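[1] when you get a sec, could you give me coordinates for this:
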Amino acid sequence: MTPETYALAAQIEEEHWWFSARRDILRAVLDRHLPQASERTLLELGCGNGGNLPLLARYGKLFAVETDNDARGRAAARGIAKVEPGALPHALPFTELQFDLVAALDVLEHVADEHAALAAMRAKLKRGGFLLLTVPAFAWLWSRHDEVSYHQRRYTKGGLIKLVKETGFEVAHSTYFNTLLFPLALAHIKLFTRFAADAHHGLRIPPRPLNALLRTIFSAERYLVPRLILPFGVSVLLCAIAR
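    All right, here's what the predicted structure looks like:
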């Protein structure tokens, strides 16, 4: 992402409906699918400004990787995780460690060599370790937001499952999500962004009542995403076990 995108995200990711509701969903998924353990070590790849660190730290001792210097500094300043510079697939720190969980939340789409990136994630996991991925869905939803975020691609659920299986994982659960708001998202992407000059419009907090409404609707998927396979959505979520 551009430095401007990181900086804008840092200002809004605590309150913005998309970030806050997604954390609710991720927590529900981890509570349901993460294997039980008395102690865990966790690694978040591409932690950005550290918005997910408080959530992930609930589940064990947390480490994190981020390429952008300013974002990494903001993440480290939270004091929640050991945050180091690095990048997928061949420049990851913590070379002496393997983890019980690796999370890459809207990260894989940024990496040119997706196979090598997933192989690197597998190498950082213990046998039986847990992989948590989210990625943007459907190439036909491509927009200027993908461009300013330096995305390489968007995914289908089936394509992501195939890719993950090819790189040494057994898929435990996979589904589309951000489904309830899909019609609104589709209209926004295909109509509004065609005419809007601000490619970062999605990183502005809407008026408070609208922000609360959108958060309530999106967050309601925490009751669906961990248990069901939703047929479409703006994003894909996948949980897998390292073989």
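[2] from the contact counts, what lies against the biggest helix by length in the chain?
    The single longest helix within the chain, with elements called by DSSP state H, is helix 17-33. Packed against helix 17-33 by the contact rule (3 or more CB pairs under 8 Å, 6 or more residues apart in numbering; DSSP states H and E) you find helix 53-56, strand 125-136, strand 169-177, helix 208-219, strand 235-242. C-beta here means a position set from N, CA and C on the backbone, and glycine is covered the same way.
[3] sheet partners, orientation included, of the helix or strand that that helix is followed by?
    Per DSSP states H and E, the first helix or strand lying C-terminal to helix 17-33 is strand 41-45. Sheet pairing for strand 41-45, assigned by DSSP bridges, gives strand 61-65 (parallel), strand 99-105 (parallel).
[4] please compute how far strand 41-45 lies from its chain's middle.
    Offset of strand 41-45 from its chain centre (CA atoms, centre = their mean, to the nearest Å): 12 Å.
[5] next, the angle from it to helix 17-33.
    Angle between the axes of strand 41-45 and helix 17-33 is 150 degrees (criterion: axes from the mean of the first three to the mean of the last three CA atoms, to 10 degrees).
[6] quick one: contacts of strand 41-45?
    The contact list for strand 41-45 (CB atoms under 8 Å, 6 or more residues apart in numbering) reads 52-53, 56-57, 59-65, 81, 88, 92, 94, 97, 99-105, 107, 121, 124.
[7] wait, isn't Val236 in contact with Thr156?
    Yes: Val236 lies in contact with Thr156 (CB atoms under 8 Å); the separation is 7.4 Å.
[8] give the intersection of the neighbour lists for those two.
    Jointly contacting Val236 and Thr156 under the rule CB under 8 Å, 6+ apart are Ala137.
[9] these two - which one has more neighbours?
    Val236 (26 against 15; other CB atoms under 10 Å).
[10] how far away is that one from Thr175?
    7 Å (CB to CB, to the nearest Å).
[11] identify the contacts common to the two.
    Lys157.
[12] buried ones in the longest helix of the chain?
    Neighbour-count burial for helix 17-33 flags 17-30, 33 (criterion: 16 or more other CB atoms under 10 Å).
[13] which non-adjacent residue is nearest the residue nearest the centre of the chain?
    Closest residue to the average C-alpha location of the chain: Leu105 at 1.8 Å, with CA atoms, centre = their mean. Residue nearest to Leu105 in three dimensions, not counting chain neighbours: Thr134, with 4.9 Å by CB to CB, 6 or more residues apart in numbering.
[14] before we move on, the earlier item: any quick ChimeraX command for the buried ones out of the contacts of strand 41-45?
    Entered in ChimeraX, the line below selects the buried ones among those, by 16+ other CB under 10 Å:
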select :52,53,56,57,59,60,62,63,64,65,81,88,92,94,99,100,101,102,103,104,105,107,121,124
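[15] count the neighbours of Glu39 for me.
    7.
[16] no more questions from me, cheers.
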